[in-house]
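In: Predicted model follows, preceded by the sequence.
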Amino acid sequence: MSGVADRFRRWVLPGLAFKSVVIGGGYATGRELAEFFLPPGPWGGVAAMVLAMAAWSVVCALTFVLARRVGARDYRGFFRALIGRGWVLFEFAYLCLVVIVLAVFGAATGELLHGMLGWPPVAGAIALVVVIATIVRAGNEAIEGLFKYMSGFLYLVYAVAALLMLSAFGDRSLAQFASSPPPGEGWVVNGLTYAGYNLFAAIAILPVLRHMRGTRDAVVAGMLAGPLAILPALVFFVCMVAFVPEIAAEPLPSDFLLGRTGHPWFQNVFRVMILTALVETGVAMVASIEARTAAAWMERTGRELAPRARLALVVGVLVASVFLADAIGLVELIARGYRMLSWMLLATYVLPLLTIGAWRLWRGRRQAVAAARSAAAP
């Protein structure tokens, strides 16, 4: 493998994987951008995005370094090292979050394919299950290929969308920025809230870290993750500003904007991109659960989890989330406690990482430096 390709897998691939989960679970439709970044005004929104980017980079870097230090390739191993028996609290919140996200993705995919191809919504949901299961069962190489090549498609679509929108109404965006005051109140809270809501993505992509060779790789990859994830959102937000305040009430700001470019064909291209982002996020989430289960099975039995068992696990998680959870009302039940789940994720992940995790890494570095000085002493 060439040096460039090797560095790409060690430094850039984790950021692309993180970006894929954030976009699919976050701002593909533009709705979350309107919720979190329009209220503090154009400049406040930009400031909040920069703050979210910085938070993502710091947490990703610490997560990647600590995961490499403790040899964790799945979230179970990571949290057992970070918070001991408390890892089960994170797993409960994470699994509930997976159920909500995949159920929403199933419904969204059904509606998108119904609008584009006339398929019944259930057929779109089934297609999502089949595609995600196929990619996850194809193994790590296929998953990494998805993050690599589909990221190129995603960035290209966002770039074309930005060109079309800015050429159509970029002057309105510039006028809004020119007449807007500096960041107002709320941009710090909004930026941190949005960042915290999406930080589960750093845990979902732990299997992608297997190419890293040292701490430097983990730090570089983590610091790149924030900019790679926020860049498409920043470009899209600049375009959204042109239609403030009416766009704030739109359920699908992306369709609202693209419908005003004069290129209706591109709306379907953008919808395909949204479907791609949903698949990427679903793949990362399901793959993280499969990796955790396989590692636990190996630890308990000393044997690899059989391929048929892996397939049954993947399909079971997807069907339970996309179909059964919604049918029995589990999604609504969990969603009512969604804010509680978000706080649980912050309490069991971000807070321990920034305290216990950072302290362990600092202590380990001091011990390494002391050992090196002792060895060099005459």
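Out: Looks like it arrived, so ask away.

In: Show me what secondary structure element comes after the longest helix seen in the chain.
Out: Taking DSSP state H as the criterion, the chain has its longest helix at helix 140-179. Sequence-wise, the next helix or strand downstream of helix 140-179 (DSSP states H and E) is helix 187-198.

In: Now that next one: buried residues?
Out: 187, 190-191, 193-198 (16 or more other Cβ atoms under 10 Å). C-beta: built from backbone N, CA, C; applies to glycine.

In: Of those residues, which pair is most distant in space?
Out: 187 and 198 (16.9 Å; Cβ to Cβ).

In: which residues of the stretch 1-150 of the chain fall in helices?
Out: Assigned by DSSP state H, counting those that start in this stretch, the helices in the stretch 1-150 of the chain fall at 3-7, 13-22, 31-37, 41-70, 75-83, 87-117, 121-138, 140-179.

In: Of all those helices, which one is nearest residue 252?
Out: Each of the helices of the stretch 1-150 of the chain has some distance to residue 252 by Cβ to Cβ; the shortest is helix 31-37, at 6.8 Å.

In: you'd agree residue 15 is up against residue 220?
Out: No. Using Cβ atoms under 8 Å, residue 15 is not in contact with residue 220, being 9.3 Å away.

In: Look at these two and report which has more neighbours.
Out: residue 15 (26 against 19; other Cβ atoms under 10 Å).

In: which ones are touching that one?
Out: Counting by Cβ atoms under 8 Å, 6 or more residues apart in numbering, residue 15 touches 60, 221, 224-225, 227-229.

In: Over to residue 116?
Out: Contacts of residue 116 (Cβ under 8 Å, 6+ apart): 268, 271.

In: If we use 10 Å, what do you get?
Out: 124, 267-268, 271-272, 275 (Cβ atoms under 10 Å, 6 or more residues apart in numbering).

In: where's it relative to residue 110, distance?
Out: 11 Å (Cβ to Cβ, to the nearest Å).

In: Now the common contact residues for those two.
Out: With Cβ under 10 Å, 6+ apart as the test, residue 116 and residue 110 both reach residue 124.

In: ok, the nearest residue to residue 45 once chain neighbours are set aside - contacts?
Out: Among residues not flanking residue 45 along the chain, residue 37 sits closest, at 3.5 Å (Cβ to Cβ, 6 or more residues apart in numbering). Going by Cβ under 10 Å, 6+ apart, residue 37 touches 27, 44-49, 52, 187, 190-191, 194, 233-234, 236-237, 240-241.

In: go again using 8 Å as the cut-off
Out: Contacts of residue 37 by Cβ under 8 Å, 6+ apart are 44-46, 48-49, 190, 194, 237.

In: how big is the angle separating the longest helix of the chain from helix 41-70?
Out: 150 degrees (axes from the mean of the first three to the mean of the last three Cα atoms, to 10 degrees).

In: The closest residue to residue 102 other than its chain neighbours: what secondary structure?
Out: Leaving aside its sequence neighbours, residue 102 sits nearest to residue 321 (Cβ to Cβ, 6+ apart; 3.6 Å). Three-state assignment for residue 321 (DSSP: H, G, I helix; E, B strand; the rest coil): helix.

In: my guess is residue 321 meets residue 97, correct?
Out: No. Using Cβ under 8 Å, residue 321 is not in contact with residue 97, being 10.4 Å away.
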